[in-house]
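*Asks:* from the sequence below, what's the structure:
(2 chains)
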Amino acid sequence: GAVVSQHPSWVICKSGTSVKIECRSLDFQATTMFWYRQFPKQSLMLMATSNEGSKATYEQGVEKDKFLINHASLTLSTLTVTSAHPEDSSFYICTIRGMNTEAFFGQGTRLTVV
Amino acid sequence: DQQVKQNSPSLSVQEGRISILNCDYTNSMFDYFLWYKKYPAEGPTFLISISSIKDKNEDGRFTVFLNKSAKHLSLHIVPSQPGDSAVYFCAASRYSGGGADGLTFGKGTHLIIQP
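*Replies:* You can find the predicted model right below:
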């Protein structure tokens, strides 16, 4: 299956700062990538769909000005959490969809805002 | 409103026995279903999938059954092994989306295999 690399795997930041998370597709040209978030003991929730060369599509309730997504190439999508607050502390995961529609996941990023 | 439901937060099974994880869905537009396994602090790993044109798909120790009329699917693991201990997520999507749709996940079931 496709290999997805996500970086960093964990980050601790101060409240009010911004954090950038990178998601790279190492062996598959992904026109579409997806960003999910998982709070403790909750399911993975789709945040947004990242489209190469165009604006991301956000799910209802997700602030597009807070969670900036850039998909500048077929192998890289970035999620920037701007002005992070403690309630943004979560596990963020990116995925790409393979040819058979199964999704391949990055390793995830554990964000802790203090 | 939870469109994909996994009603058992945890399940304990003895090593060597069969593990059965259940999943229900409400959205009739879903026609492709997947199971993922997840260890703490890692991304989910794809296990097995099934499209709505089938009622069974088998891959080694893993078998997924789909009952469309009941909007229910299950994952069978046999025989269960200690390394199977993890959280299992059921996910659904619209295959007709051509890979352009995100997945809708259940809350997961924590499977514990006891020696």
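
*Asks:* list the buried residues of stretch B:101-115.
*Replies:* B:101-109, B:111, B:113 (16 or more other C-beta atoms under 10 Å in any protein chain shown). Heads up, the C-betas are built off the backbone N, CA and C, glycines and all.

*Asks:* oh sorry, the question was meant for stretch A:39-51
*Replies:* For stretch A:39-51, the neighbour count (16+ other C-beta under 10 Å) marks A:43-51 as buried.

*Asks:* what's it in contact with?
*Replies:* A:31-38, A:56-59, A:62, A:64, A:67, A:69-71, A:77, A:79, A:90-94, B:4, B:44, B:89, B:91, B:100, B:102-108 (C-beta atoms under 8 Å, 6 or more residues apart in numbering or on different chains).

*Asks:* just these: which are in helices?
*Replies:* In helices, judged by DSSP state H, none of these are found.

*Asks:* kindly report the residues of chain A close to chain B.
*Replies:* Counting by C-beta under 8 Å from any C-beta of the partner chain, chain A comes close to chain B at A:1, A:4, A:6, A:9-10, A:32, A:34, A:36, A:41-46, A:49, A:59, A:91, A:93, A:95, A:97-108, A:110.

*Asks:* buried among these? Make that a PyMOL selection.
*Replies:* For the buried members of the residues of chain A next to chain B, the matching PyMOL selection, counting by 16+ other C-beta under 10 Å, is:
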select buried, chain A and resi 4+6+32+34+36+43+44+45+46+49+91+93+95+97+101+102+103+104+105+106+107+108+110
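
*Asks:* from the residues of chain A next to chain B, which ones fall inside strands?
*Replies:* When these are checked against strands (DSSP state E), the matches are A:4, A:6, A:10, A:32, A:34, A:36, A:45-46, A:49, A:91, A:93, A:95, A:97, A:103-105, A:110.

*Asks:* residues in contact with residue B:57?
*Replies:* With the criterion set at C-beta under 8 Å, 6+ apart, residue B:57 makes contact with B:48-50, B:63-64.

*Asks:* list the contacts of residue B:14.
*Replies:* Residues in contact with residue B:14 (C-beta under 8 Å, 6+ apart) are B:80, B:113-114.

*Asks:* which one of the residues you listed is nearest chain A?
*Replies:* residue B:113 (20.4 Å; C-beta to the nearest C-beta).

*Asks:* so the closest one is in which element?
*Replies:* For residue B:113, the element it lies in under DSSP states H and E is strand B:109-114.

*Asks:* what of residue A:15?
*Replies:* Using DSSP H and E, no helix or strand contains residue A:15.

*Asks:* what's around it, how many residues?
*Replies:* Residue A:15 has 12 neighbours, counted by other C-beta atoms under 10 Å in any protein chain shown.

*Asks:* is the strand holding residue B:113 anywhere near chain A?
*Replies:* No: if you take C-beta under 8 Å from any C-beta as the test, strand B:109-114 misses chain A, and the best it gets is 9.5 Å.

*Asks:* pairing partners for that strand, with directions?
*Replies:* Applying DSSP bridges, strand B:109-114 is found paired with strand B:10-14 (parallel), strand B:86-93 (antiparallel).

*Asks:* for chain B, which residues are neighbours of chain A?
*Replies:* Taking C-beta under 8 Å from any C-beta as the contact definition, chain B meets chain A at B:4, B:32, B:34, B:36, B:41-46, B:49, B:89, B:91, B:93, B:95, B:97-100, B:102-108.

*Asks:* good, wrapping up.
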